[in-house]
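Asker: return atomic coordinates for the entry below.
(one chain, ligands or ions: 1)
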Amino acid sequence: MKKIMVTGGTGYIGSHTLVDLIENGYDVISVDNNSRSNPAMLRGVEKITGKPVKNYKVDLCNFDDTFAIFQENPDISGIIHFAAYKAVGESVEKPLMYFENNLVSLINLLKCVQEFNVPWFVFSSSCTVYGNPDHSMVTEETPPKPAASPYGYTKQMGEQILGEFQKASNVQTILLRYFNPVGAHPSALIGELPIGKPQNLVPAITQTAIGKLPKMMVFGDDYPTRDGSCVRDYIHVCDIAHAHTLAIQYLEECRNNSGCEVFNLGTGNGVTVLEAIHAFEKVSGVKLNYEIGPRRPGDIVAIYANNDKAKSRLGWDPARSLDEMMDTAWRWELKLKNDEQMFTSAKSELN
Ligand code: WQD
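Answerer: Coordinates of the predicted model:
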């Protein structure tokens, strides 16, 4: 049974990917310092899969601690690297924190990949690498423009580091450019768990709907789009998770025709912020308390994926609808309301 290391495994996409990997016959370990995630998320992974998952509570910016994990696990076949800070707005306010955390952790990991000859590496990249594209629909060949935020630059630089590293080593590399992952596992046992005030749209919607937040702001309705609010390609987190399993299988079967391949992970549908809010209201039956505010620095106007390459090369088929994204996000928020104690107690165990 091939062993896959998932960094950021107690995080949102990481935990959903652990579930998908286990359900597809892989052995997994998680590496997560829980600075932006809650270790209790692994209990949900274990309940869904019936399998225990070990998490190494290690900061990947600490090389010695990272190296020690590989010494204990010399049989790692592949790494899926999620662990990074990812809030666009926060990165504009704290650029050095983003460059240091996201790049030092990647470089430390790659030094270990080299030392232990790990054959496969899958990198969590992002549509933010495209910057503000000339055309809203982007393919993997769309030339990246200047990133709109330090977060976006860390993903552009991460891809460049990996491209050069791949040429100098024999690691088979895949870069997965996510659009906007939203929603939760249908069991409502795992989902998005923002620490503090949610930065992303869908948790802001669900926390406002459940009363955790008094209201939410729509950051601008004066953009050149069909209703003035920004356009994004929202994609169900379970579809994103399964794409990672398909990427590992793609590498395992040596189907990649170059050492470093890029894939867009989006539905191909552009949805505005206001359309997302109205979809939530329809699915949940809750009237959302929001108001229009000023634009958020770092936001791009409109972007959505051409996902033909992932469909044809990875055999990926993102079938979940916007309604299903909103429904699972809402059911997770409702479950949190009852199980908050579990996550709170887990967090306090850590301190
Ligand atoms: C979406 C839209 C906001 C909150 C995210 C991740 C990034 C990357 C890409 C994975 C924007 C608007 C938001 C709110 C709002 N994902 N919004 N009110 O910025 O596109 O980037 O997906 O790698 O890691 O950050 O997503 O959800 O923050 O914003 O109006 O309270 O919703 O202005 O137009 P973004 P987001």
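Asker: going forward, measure contacts and count neighbours with C-alpha atoms only.
Answerer: Noted.
Asker: gap between stretch 56-70 and the chain center?
Answerer: Offset of stretch 56-70 from its chain centre (C-alpha atoms, centre = their mean, to the nearest Å): 21 Å.
Asker: and if you look at stretch 175-194?
Answerer: Relative to its parent chain, stretch 175-194 has a centroid offset of 7 Å by C-alpha atoms, centre = their mean.
Asker: for D317, phi and psi?
Answerer: The phi and psi torsions at D317 (degrees, to the nearest 10) take the values phi -140, psi 90.
Asker: also I4?
Answerer: phi -120, psi 130.
Asker: separation between it and V53?
Answerer: 12 Å (C-alpha to C-alpha, to the nearest Å).
Asker: okay, now the unreliable bits of this protein?
Answerer: Residues of the chain meeting the criterion pLDDT under 70: 256-257, 340-342, 344-351.
Asker: which parts of it sit against the ligand?
Answerer: With the criterion set to C-alpha under 6 Å from any ligand atom, the chain comes near the ligand through 86-88, 125-126, 178-180, 199-201, 204, 216-219, 230, 273, 296, 299.
Asker: shared neighbours, I4 and V53?
Answerer: Residues touching both I4 and V53 (C-alpha atoms under 8 Å, 6 or more residues apart in numbering) are V28, I29.
Asker: who has more neighbours, these two?
Answerer: I4 (23 against 19; other C-alpha atoms under 10 Å).
Asker: wait, Y304 sits on L265?
Answerer: No. Between Y304 and L265 there is no contact under C-alpha atoms under 8 Å: 9.6 Å.
Asker: quick one: contacts for L21?
Answerer: Contacts of L21 (C-alpha under 8 Å, 6+ apart): D27, V28, H242, T245.
Asker: apply 10 Å and report the result again.
Answerer: Listed by C-alpha atoms under 10 Å, 6 or more residues apart in numbering, the contact set of L21 reads 3-4, 6, 15, 27-28, 49, 241-242, 244-246, 248.
Asker: what of K167?
Answerer: Counting by C-alpha under 10 Å, 6+ apart, K167 makes contact with G259, C260.
Asker: how about the helix or strand hosting it: buried residues?
Answerer: Per DSSP states H and E, K167 falls inside helix 150-168. Using 16 or more other C-alpha atoms under 10 Å as the test for burial, helix 150-168 gives 150-159, 162-163, 165-166.
Asker: and the furthest pair within these?
Answerer: For the buried residues of helix 150-168, the farthest-apart pair by C-alpha to C-alpha is P150 and Q166; their separation is 23.9 Å.
Asker: burial measure for E72, as a count.
Answerer: Residues near E72, counting by other C-alpha under 10 Å, number 9.
Asker: how close does it get to S105?
Answerer: Taken as C-alpha to C-alpha, the span from E72 to S105 is 19 Å.
Asker: does E100 touch Y151 like I think?
Answerer: No. Between E100 and Y151 there is no contact under C-alpha atoms under 10 Å: 11.1 Å.
Asker: residue in the stretch 51-200 of the chain nearest to the ligand?
Answerer: Per C-alpha to the nearest ligand atom, N200 is where the stretch 51-200 of the chain lies closest to the ligand, at 3.3 Å.
Asker: excluding chain neighbours, what is closest to that residue?
Answerer: Leaving aside its sequence neighbours, N200 sits nearest to A87 (C-alpha to C-alpha, 6 or more residues apart in numbering; 7.6 Å).
Asker: do the same with D20
Answerer: Leaving aside its sequence neighbours, D20 sits nearest to H242 (C-alpha to C-alpha, 6+ apart; 5.9 Å).
Asker: quick one: that neighbour from R313, how far?
Answerer: On the measure of C-alpha to C-alpha, H242 and R313 end up 14 Å apart.
Asker: more neighbours: those two, which one.
Answerer: The neighbour comparison of H242 against R313 (other C-alpha under 10 Å) goes to H242, with 20 against 14.
Asker: list the contacts of the more buried one.
Answerer: H242 sits next to H16, T17, L18, V19, D20, L21, N24, W316, D317, P318 when contact means C-alpha under 10 Å, 6+ apart.
Asker: sec struct for it, please.
Answerer: With DSSP: H, G, I helix; E, B strand; the rest coil as the basis, H242 sits in helix.
Asker: which parts of the stretch 101-250 of the chain are strands?
Answerer: Using DSSP state E, counting those that start in this stretch, the strands assigned to the stretch 101-250 of the chain run over residues 120-126, 137-138, 172-178, 180-182, 216-219, 231-232, 234-236.
Asker: before we move on, the earlier item: what angle do the helix holding K167 and strand 172-178 make?
Answerer: Helix 150-168 runs at 160 degrees relative to strand 172-178, counting by axes from the mean of the first three to the mean of the last three C-alpha atoms, to 10 degrees.
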